[in-house]
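In: Any chance you can model this:
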Amino acid sequence: MNQYLNKLETIDELIRHYALPFSFKILGAFAIWIIGGFFIKIAQKLLRTTLNRRLVDPTLVNYANATSAFVLKAFLILAILGVFGIETTSLSALLAATGVAIGIAWSGLLSNFAAGVFLIVLRPFKVGDTISAAGITGSVREIGLFATTIDNGDNLRIFVGNNKIFSDNILNYSANSHRIISFRVQLTPNTHPLKAIEQFSQKLSVLPNLKSQVTGEITEFNPLGVVITLKGACHQSDFASLTTQGNQIIFETMQTEQYPSPEAKAVIYSR
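Out: Here you go, the predicted model:
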């Protein structure tokens, strides 16, 4: 009988000193997880709404939302561990050290990420623009957090690291509505350059979609003769086609007007 009573007392002591406190800790941790998750969702919703009202790029909005959720849930887990009496100071130091190690190992990837954020915020170009950067020229299809997708003139899709683009000069062909189109023509020494400028300007002025009158000027003297440059303004989308048409008109005009072709002459010196 005494042994039976001793066992009951032991069980009662275990329940009062261990089972009940641990159960309360579990309930407290569960309550913190539910309530904390609720407030995290509210914080994410407020953040997304605020960024959308400020017309922030959707890619950056999604990233900020995911990052905030990760950070808040990390703090929530630390709070739950604190309820169970687990020392979180050493754990936080371990997580910080791990983060530093990962940052060093992924320095290249993180630099692309940082450059992607700056590209999205500063917006030197947008999706659909034609740019030249990092040795690539083409149309931008997507600005990602780590790489930018570009379709070049051969319709090849190229993925370029954001850091490579951001650290290079970016030439945006679509930033301005109009562009100057230029034609360089080599003339012989016997060809009158001012007369040639007048003839070529008249012929080129019939090109469709030109936004200004074609003008010309003498830009260079070289051993082959004189170089004239003819310029006009056109829309960005018409630049390629007008360049081809203009070159054809210049060639036909030189044939019709019988302009002599410049010839390189080799001079041999004898001793």
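
In: Show me the shaky parts of the stretch 101-250 of the chain.
Out: 101-108 (pLDDT under 70).

In: Strands of that one, start to end?
Out: 130-133, 136-143, 147-152, 157-161, 171-172, 178-187, 215-222, 225-235 (DSSP state E, counting those that start in this stretch).

In: Flag every buried residue along the longest helix seen in the chain.
Out: Secondary structure of the chain read by DSSP state H shows that its longest helix is helix 20-53. Buried residues in helix 20-53, defined by neighbour count with 16 or more other C-beta atoms under 10 Å: Ala29, Ile32, Gly36, Ile40, Gln44, Leu47, Arg48, Leu51. C-beta coordinates here come from the backbone N, C-alpha and C atoms, glycine included.

In: Looks like the fifth one contacts Thr67 (just checking).
Out: So that's Gln44. No: look at Gln44 against Thr67 with C-beta atoms under 8 Å: they stay out of range, at 10.4 Å.

In: could the buried residues of helix 20-53 go into TSV alongside distance to Leu109 and pLDDT?
Out: TSV is the format used below for the buried residues of helix 20-53 (distance: C-beta to C-beta, whole Å; pLDDT from 0 to 100):
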residue	distance to Leu109	pLDDT
Ala29	35	77
Ile32	34	80
Gly36	30	83
Ile40	27	85
Gln44	25	84
Leu47	24	83
Arg48	25	83
Leu51	24	78
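
In: Does Glu142 touch Arg157 like I think?
Out: No: assessed by C-beta under 8 Å, Glu142 is found out of contact with Arg157, at 9.8 Å.

In: Could you name every residue contacting both of those two?
Out: Thr149 (C-beta atoms under 8 Å, 6 or more residues apart in numbering).

In: just checking, next helix/strand downstream of the longest helix of the chain?
Out: Going down the chain from helix 20-53, the next helix or strand is helix 58-83, by DSSP states H and E.

In: so that following helix versus strand 136-143, what angle?
Out: 50 degrees (axes from the mean of the first three to the mean of the last three C-alpha atoms, to 10 degrees).

In: just how off-centre is helix 58-83 within its chain?
Out: Distance of helix 58-83 from the chain centroid (C-alpha atoms, centre = their mean, to the nearest Å) equals 26 Å.

In: Over to stretch 157-174?
Out: With C-alpha atoms, centre = their mean, you get 7 Å for stretch 157-174.

In: nearest to Val206, of the strands of the stretch 101-250 of the chain?
Out: strand 225-235 (11.4 Å; C-beta to C-beta).

In: in the closest one, what's buried?
Out: For strand 225-235, by 16+ other C-beta under 10 Å, it's Gly225, Val226, Val227, Ile228, Leu230, Lys231, Gly232, Cys234.

In: Would you confirm that the fourth one contacts Glu198?
Out: No: Ile228 sits out of contact with Glu198 when judged by C-beta under 8 Å, with a separation of 10.5 Å.

In: which residues do the two both contact?
Out: Counting by C-beta under 8 Å, 6+ apart, the contacts common to Ile228 and Glu198 are Gly216.
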